[in-house]
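I'll drop the sequence and a predicted model, then ask my questions.
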Protein chains: 2
Amino acid sequence: MDLANYLASRRKLVEEALEKVVPPPGAFPSIIHEAMRYSLFAGGKRLRPILVLAAGEAVGCPADKLLPAACAVELLHTYSLIHDDLPSMDNDDYRRGRLTCHKVYGEAIAILAGDALLTAAFGVLAEEVQVGCSPEATLAAIRELALAAGSQGLVGGQVVDLLSEGGSPEAELVEYIHRHKTGSLIRACVRIGGLLGEATQDELERLTRYGEDIGLAFQIIDDLLDIEGEFYYTGKATGSDAKKQKLTYPACFGIEKSRQVARELVDRAASTVEELGEKAWPLKAIAHYIVERKS
Amino acid sequence: MDLANYLASRRKLVEEALEKVVPPPGAFPSIIHEAMRYSLFAGGKRLRPILVLAAGEAVGCPADKLLPAACAVELLHTYSLIHDDLPSMDNDDYRRGRLTCHKVYGEAIAILAGDALLTAAFGVLAEEVQVGCSPEATLAAIRELALAAGSQGLVGGQVVDLLSEGGSPEAELVEYIHRHKTGSLIRACVRIGGLLGEATQDELERLTRYGEDIGLAFQIIDDLLDIEGEFYYTGKATGSDAKKQKLTYPACFGIEKSRQVARELVDRAASTVEELGEKAWPLKAIAHYIVERKS
């Protein structure tokens, strides 16, 4: 199988599973379920859930045992996008080429849709035990997700991102933002796959380093796409970081150096998981895909 | 021991435990931890965590095994207050006699503080297993909390509450709002105490009915306090429901009838837990306290 087929097959599994974990659009009160679904089924790449699957599969766990966790990280990711886009935060009108949640449903419903998706992420993850994972591993995965998403993880990254708008580009600050706002959830995806797949200590350490490297590379490429990307591919306005005076990697280190750092990170990530053997090939391929993507 | 002593001693346990589950105010990024703590330590009655303890103790579980769960429900309750108070929601300037979170820290930080508290609730609850509860019971408690707080629980109640502002008072709608916005979390508190305390099926059913009855009674009394209460006791502006044209129980049924329904509910709740024996005395006393409270 090549990467395109792997991504397509795993994405299909994730889409089918996601369809079942959120109440149907008509369920009362319908507006909240419509808003949750509007953002959840907006054509995302499903990179984070696929990382859960690929990491678990790399340590010998079948994909179907990892699906609740895969859904959980996508629910959580979607909540973070909805809240980040709010007028009091990044104030974005478009996301993936469509109007953002609050532009369609209003601010109150968008906040509540995010709240409900975040809540559902933990409820769904707690169901891991019902597809055959051990209760201990399931609880470890829940603690991992809470830590990655909390005030010293994703939320902390968003706080520093907001506070540093308009400030001078400082390497330490931009690295903090990237490692927390984007990196911590990507790291958690890989670790959750490993935890549920009962990885050994050595395997889990390799997965962790892999996750940290691709997480930072992913956000550097995101910054570059914001400068160089096209709306056709990215679905959002190019140059919006500069307009908002966001701290970005290229603003600190320049475009060439940023691209080089991203390449080095994914090369190192790919060789870190080499030791996990043949079953880790999708992780290796995903690392390279991250620097080559156009959206 | 009488109820006042029981509440004071359990509240002390909860305060001490809460102090440890949130990063210290100086932890980076400090503004988010200050905002979380501002709302968490705003002088709440800690009714919900005490219900977790009282329900668990009623089925023979020692209070110290229930403290992470007690903290979790208070973190979750605090998140819901912060988000409810936001300008796009209820737009409240005061809560418990102090400025609301967004009035002090701004809207973005208030939203993120709520997000971080909600996330922390699940992380803390997953630590139940580390104080001696079984992993299976811990996972059941997590699923219980997610269901109670989600789009068909607390968030659903808030959605219907917002949508029905200014509408004509309909008994069915006001009951939906009260049973979801307030009732579902109170019901979950009691059930979580029971689940972690390894209650029998019969005990859990009694706790559930108790929780449903006191949850509805609690909100009816809240509505009445909004009409008749004094700022000195309640810490918020009286008459704010009427000003916002909120659907309330008294608006549907009148003040006298509302008070009577609340009394009947707590009487029934108290007799439901009679069967649990002597250890359930705090649950009985709390039921009566709910209709007698002034704030």
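Everything's here; your move.

which sections of the stretch 151-295 of chain A are below the confidence cut-off?
By pLDDT under 70, the weakly predicted segments of the stretch 151-295 of chain A are A:230-237.

Which parts of it are helices?
For the stretch 151-295 of chain A, the helices defined by DSSP state H, counting those that start in this stretch cover A:154-163, A:171-177, A:184-196, A:201-228, A:231-234, A:240-243, A:249-253, A:255-272, A:281-292.

quick one, which of these is nearest to B:A116?
Relative to B:A116, the nearest member of those by C-beta to C-beta is helix A:154-163, separated by 4.5 Å. Any C-beta I mention is one placed from the backbone N, CA and C, and that applies to glycine too.

how about the closest one against chain B, any contact?
Yes: against chain B, helix A:154-163 shows contacts by C-beta under 8 Å from any C-beta of the partner chain at A:V155, A:G156, A:Q158, A:V159, A:V160, A:L162, A:L163.

quick one on the thing from earlier: of the helices of the stretch 151-295 of chain A, flag the one that's most buried.
Ranked by mean neighbour count, the helices of the stretch 151-295 of chain A are led by helix A:184-196 with a mean of 28 (mean count of other C-beta atoms under 10 Å in any protein chain shown).

Give me the three-state assignment for A:L7.
The local conformation at A:L7, judged by DSSP: H, G, I helix; E, B strand; the rest coil, is helix.

need the contact list for it.
Neighbouring residues of A:L7 by C-beta atoms under 8 Å, 6 or more residues apart in numbering or on different chains: A:I50, A:I286, A:Y289.

so where does the first one fall, helix or strand?
Take DSSP states H and E as the rule and A:I50 turns out to sit in helix A:47-58.

helices or strands up against that helix?
Here helix A:47-58 touches helix A:3-21, helix A:67-85, helix A:184-196, helix A:201-228, helix A:281-292, going by 3 or more C-beta pairs under 8 Å, 6 or more residues apart in numbering or on different chains; DSSP states H and E.

related to what we said a few turns ago, between the residues of helix A:154-163 next to chain B, which is nearest A:T248?
So of the residues of helix A:154-163 next to chain B, ranked by how close each gets to A:T248 (C-beta to C-beta), first place is A:V160, at 13.2 Å.

which residues touch the closest one?
Listed by C-beta under 8 Å, 6+ apart, the contact set of A:V160 reads A:L173, A:Y176, A:I177, A:H180, A:K181, B:P29.

now do A:D64
A:D64 neighbours (C-beta under 8 Å, 6+ apart): A:L13, A:V131.

What separation do you get for A:E107 and A:L81?
For A:E107, the distance to A:L81 (C-beta to C-beta, to the nearest Å) stands at 15 Å.

for A:R48, that is, sorry about that
With distances taken as C-beta to C-beta, A:R48 is found 11 Å from A:L81.

Comparing those two, which shows the higher neighbour count?
Taking other C-beta atoms under 10 Å in any protein chain shown, A:R48 and A:L81 do not tie; A:R48 has more neighbours (23 against 20).

surely that one meets A:H77?
Yes: using C-beta atoms under 8 Å, A:R48 is in contact with A:H77, at 5.2 Å.

Can you pull the residues that touch both of those two?
The contact lists of A:R48 and A:H77 share A:L185, where a contact means C-beta under 8 Å, 6+ apart.

now the one helix or strand A:A146 maps to, how far from the centre of its chain.
Element membership for A:A146 (DSSP H and E) is helix A:135-149. In this view, helix A:135-149 has its centroid 16 Å away from the chain centroid, taken as C-alpha atoms, centre = their mean, to the nearest Å.

Next, the buried residues of that helix.
By neighbour count on 16 or more other C-beta atoms under 10 Å in any protein chain shown, the buried set for helix A:135-149 is A:135, A:137-149.

Let me see the contact set for the residue nearest the centre of chain A.
Most central in chain A under C-alpha atoms, centre = their mean is A:R48, positioned 4.4 Å from the mean C-alpha point. Residues near A:R48 by C-beta under 8 Å, 6+ apart: A:V73, A:E74, A:H77, A:L185, A:I186, A:C189.

residues contacting the residue of the stretch 151-295 of chain A found nearest chain B?
Of all residues in the stretch 151-295 of chain A, A:S151 sits closest to chain B, with a separation of 3.9 Å (C-beta to the nearest C-beta). By C-beta under 8 Å, 6+ apart, the contact list for A:S151 reads A:V159, B:P23, B:A27, B:P29, B:I32, B:H33, B:M36, B:L112, B:A113, B:A116, B:T119, B:A120.

Pick the one among these closest to A:D85.
B:L112 (13.5 Å).

burial count for A:I109?
A:I109: 24 surrounding residues under other C-beta under 10 Å.

was I right about it contacting B:V155?
No: if you go by C-beta under 8 Å, A:I109 and B:V155 don't touch, sitting 10.1 Å apart.

which residues are common contacts for those two?
Taking C-beta under 8 Å, 6+ apart as the contact rule, A:I109 and B:V155 both touch A:I32.

Please name the residues that touch A:G193.
Contacts of A:G193 (C-beta under 8 Å, 6+ apart): A:51-59, A:61, A:66, A:69, A:207.

Just among the residues you listed, which is most surrounded?
Greatest neighbour count in the contacts of A:G193, by other C-beta under 10 Å, goes to A:A55: 34 neighbours.

Distance of the residue nearest to A:D241 when sequence neighbours are not counted relative to A:Y249?
Distance criterion C-beta to C-beta, 6 or more residues apart in numbering or on different chains; nearest residue to A:D241, sequence neighbours excluded, is A:D226 at 4.6 Å. A:D226 sits 10 Å away from A:Y249, going by C-beta to C-beta.

Can you work out which residues contact both of these two?
When contacts are counted by C-beta under 8 Å, 6+ apart, A:D226 and A:Y249 have no shared neighbour.

Do I have it right that A:A149 meets A:L185?
Yes: A:A149 is within contact range of A:L185, at 6.7 Å (criterion: C-beta under 8 Å).

overlap in contacts of these two?
By C-beta under 8 Å, 6+ apart, the residues touching both A:A149 and A:L185 are A:L76, A:S80.

how close does the closest residue to A:T238 other than its chain neighbours sit to B:E264?
Nearest residue to A:T238 in three dimensions, chain neighbours excluded: A:G229, at 5.6 Å (C-beta to C-beta, 6+ apart). Look at A:G229 and B:E264: by C-beta to C-beta, they are 63 Å apart.

likewise A:M1?
From A:M1 to B:E264 the distance is 65 Å (C-beta to C-beta).

next one: A:Y210
The value you get for A:Y210 to B:E264, if C-beta to C-beta is used, is 60 Å.
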